[in-house]
Structure formats: C-alpha cells, structure tokens
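[1] Okay, predicted coordinates and the sequence, questions at the end:
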Amino acid sequence: MVHLVNIWLELFSDYAANETYFIIFVIVEEQGYIELRIDNFSKTLSPKDVDINEIKSIISDIEVFLYPTRDERRLRPQISYDIESGSAKHRFFLPISAVILFNGLTSEIEKRETLDFLDYKRQAVIDKFQQKANREGYIIEFNSSLSERPTLVIDTSSNFHIVSPQFYESEFYLYGEIYQEGGKNPNIHITTSKQGNLAISATKEQILDGEKKTYKPYGIKVRGKKNLEDGKLYDLKLIDFIEYKPIFDRSLLDKVIKKASVNLSKINNLDKWIEDLKTDGI
C-alpha cells in the first residue's frame, strides 16, 4: 500500500518552562523494485559475464523508459541499482509509484504486442532490448516487486520494433556565425550554440544576394529534418537570411512589454513557457 506523503508541523508551547518545541513528522513513500532478468539459451549467464558498458547502457535505458523527458529525469526520485545472480538480475530500487508505472507500461506492451501507443523514446528503449535479444540470443524478463510473474518477456520469438517516424520535417530558425559560403554545390556553413556546425544547401542567387556574409552573425530560416531521438538537424535547405542587428531600443522594448503584460500575467509558469518558445540554435 502506498503511504500518503505528508509533512506536517505541530507547534506547541510549554508555558510552565516557557519553551517552544517543534515536532516534524515525515512519512516517506513506500519503496519497491523493478527488475530485468537476462539469460541466454544455455542458462549460463551470470553477473560476472556482464560488461560494465552493458550495465551502463541498461541503467540509462531504464531511466529513459521511466522518465523520457529531460524535465522528468531532472526531477526524478532517487533510484538505486544492484546486480544479482540467478542469471543476471538488474534490480532498481525506487518509489512504488514508479513500479506501478513500469508494470502498467510493460503489461500493456505484452497485451498489445506492439509499441505503437508509446512515445518515441520508450519505443526506442524496447526496440533496443529486442535487437539485443535477437543479436545475443537473450531472454529478457521484466519483473517487479508487485508481480509474481514477468509482465513482459522479450526474446528471439517476440517482435517489438519502433513504429513511430524517426524524424519530422519542418522549418527552423538558426542563429550563429557563417564561416563559409559557396562551393561547387552551393551551400553555407554556420556555427550555432546548440547544433554546432551545420551545412545548409542554398542557391547561387541566395548566396550572391546582398553583401558577403562570411564571419558575420546571422539568423537563417531553413527547411529540413529533425531527428526525434537526438534532436539533430539534417538535409537543410536555405529559405532566407535574417540579418542580426543587436541594436537596443528602450522605447520599443517598453511598448512591447506593456502590450504583452496582460497576456503574460495569465501564464502560470512563465519561465517554462519562454523556454519552450526558444528556437533551435539560440
């Protein structure tokens, strides 16, 4: 049973002694565990056979499966790890609410026999385990402290693979310094803070239009693809240049702030809203 997480403070006074006491009661959420039990066909796998790189990969995959977004991982509870014998049991100790989530997701995967209801990152984790099972002949059981039987089994007979697209096409705004332009196949090269160095296909007319742009800060509007796994941009084509003019106009800023203040006051988490608005490359 999950204990109610509650912290309450009781203040009382001992008037005779003229002293004040503070009593703090802390009730912590019940803990449980989830487990990946990995074995081979000959049933000979043991912890000493598992390389540290594989352990590191499994730990990372389980974290992403439970907490797929950056914010979720930043705010996640403490997770402890141990590897035990009996094949190779990778056991993770964590709050019971996370165990319930794990059980729910893995049971639904087993029931549906597909990953199409999961977000891309969770699909990628299960797909990775499926590839490992096919390549190494592994039998991977998903267990927990709440279930007597595995909620999901992945082996060479299962078929769990990514069904979501691995990228999407869109328009993006990038800001940085153009360090090269031209070439036999016309393109420009720009250095951005988030994406690093990028090559963008362009036409001769686009490159020759206006002044030379090399070694100058510019914004550019491009169309291309963004990888859903790592966020990298590729197959980029130039749409337009946006000249960067860092001129501070106080009166214009005041007008914009005044105009926006009415709607901004309605946003609960303004910092998060602004972070979500940031364009690629800023």
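    Received the coordinates, thanks.
[2] how far is the host helix or strand of residue 222 from where the chain is centred?
    Using DSSP states H and E, residue 222 sits within strand 216-227. Computed by Cα atoms, centre = their mean, to the nearest Å, the separation of strand 216-227 from the middle of its chain amounts to 23 Å.
[3] Check which helix or strand residue 261 maps to.
    Applying DSSP H and E as the criterion places residue 261 in helix 250-264.
[4] so how many other residues sit close to residue 178?
    As a burial measure, residue 178 scores 19 neighbours (other Cβ atoms under 10 Å). Quick note: C-beta positions are derived from backbone N, CA and C, even for glycine.
[5] so what secondary structure elements neighbour the helix or strand containing it?
    Here residue 178 sits within strand 167-182, counting by DSSP H and E. Where contact means 3 or more Cβ pairs under 8 Å, 6 or more residues apart in numbering; DSSP states H and E, strand 167-182 is packed against strand 187-192, strand 216-227, strand 233-243.
[6] Including distance to residue 58 and mean pLDDT, could the ones you listed go into TSV?
    Compiled in TSV, the helices and strands packed on strand 167-182 are given as follows (distance: least, Cβ to Cβ, whole Å; pLDDT from 0 to 100):
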stretch	distance to residue 58	mean pLDDT
strand 187-192	33	93
strand 216-227	23	90
strand 233-243	29	90
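[7] deepest of the ones you listed, which one?
    Greatest average neighbour count among the helices and strands packed on strand 167-182 goes to strand 187-192 (a mean of 20), per mean count of other Cβ atoms under 10 Å.
[8] got the CA coordinates for it in PDB?
    Output in PDB follows, covering the C-alpha atoms of strand 187-192 (Å, rounded to 0.1, in the frame of the first residue of the first chain):
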ATOM      1  CA  ASN A 187      25.900  25.900 -49.600                       C
ATOM      2  CA  ILE A 188      26.600  27.900 -46.400                       C
ATOM      3  CA  HIS A 189      28.200  26.700 -43.200                       C
ATOM      4  CA  ILE A 190      27.100  28.200 -39.900                       C
ATOM      5  CA  THR A 191      28.200  27.600 -36.300                       C
ATOM      6  CA  THR A 192      25.300  27.600 -33.800                       C
END
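[9] which other helices and strands contact the helix or strand that that strand is followed by?
    Later in the chain than strand 187-192, the nearest helix or strand by DSSP H and E is strand 196-201. When contacts are defined as 3+ Cβ pairs under 8 Å, 6+ apart, strand 196-201 packs onto strand 187-192, strand 233-243.
[10] Residues touching the first one, excluding its own?
    Residues lying outside strand 187-192 but in contact with it, judged by Cβ atoms under 8 Å, 6 or more residues apart in numbering, are 174-181, 197-202, 207, 213, 218, 220, 238, 280-281.
[11] before we move on, what about the longest one?
    Outside of strand 233-243, the residues that reach it under the criterion Cβ under 8 Å, 6+ apart are 171-174, 188, 195, 198-203, 206, 210, 213, 218-227, 280.
[12] where do the helices sit along the stretch 51-200 of the chain?
    Taking DSSP state H, counting those that start in this stretch as the test, the helices found in the stretch 51-200 of the chain are 52-66, 70-75, 96-112, 120-136.
[13] now these as CSV including mean pLDDT, mean neighbour count and distance to residue 163?
    Listed next are the helices of the stretch 51-200 of the chain as CSV, based on pLDDT from 0 to 100; neighbours: other Cβ atoms under 10 Å; distance: least, Cβ to Cβ, whole Å:
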stretch, mean pLDDT, mean neighbour count, distance to residue 163
helix 52-66, 97, 16, 17
helix 70-75, 92, 10, 23
helix 96-112, 96, 17, 11
helix 120-136, 95, 18, 7
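[14] Output the ones you listed as a markdown table; include the columns distance to residue 255.
    Below are the helices of the stretch 51-200 of the chain laid out as a markdown table (distance: least, Cβ to Cβ, whole Å):
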| stretch | distance to residue 255 |
| --- | --- |
| helix 52-66 | 45 |
| helix 70-75 | 33 |
| helix 96-112 | 48 |
| helix 120-136 | 41 |
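[15] Quick one: closest of those helices to residue 82.
    Among those, helix 52-66 comes nearest to residue 82, with 10.8 Å by Cβ to Cβ.
[16] for the closest one, packing partners?
    Using 3+ Cβ pairs under 8 Å, 6+ apart, helix 52-66 sits against strand 31-40, strand 88-95, helix 96-112, helix 120-136.
[17] List of residues touching the last one?
    Counting contacts by Cβ under 8 Å, 6+ apart, the residues outside helix 120-136 that touch it are 40, 61-62, 64-65, 68, 105, 109, 115, 118, 138-140, 154-156, 158-164, 166, 228-229.
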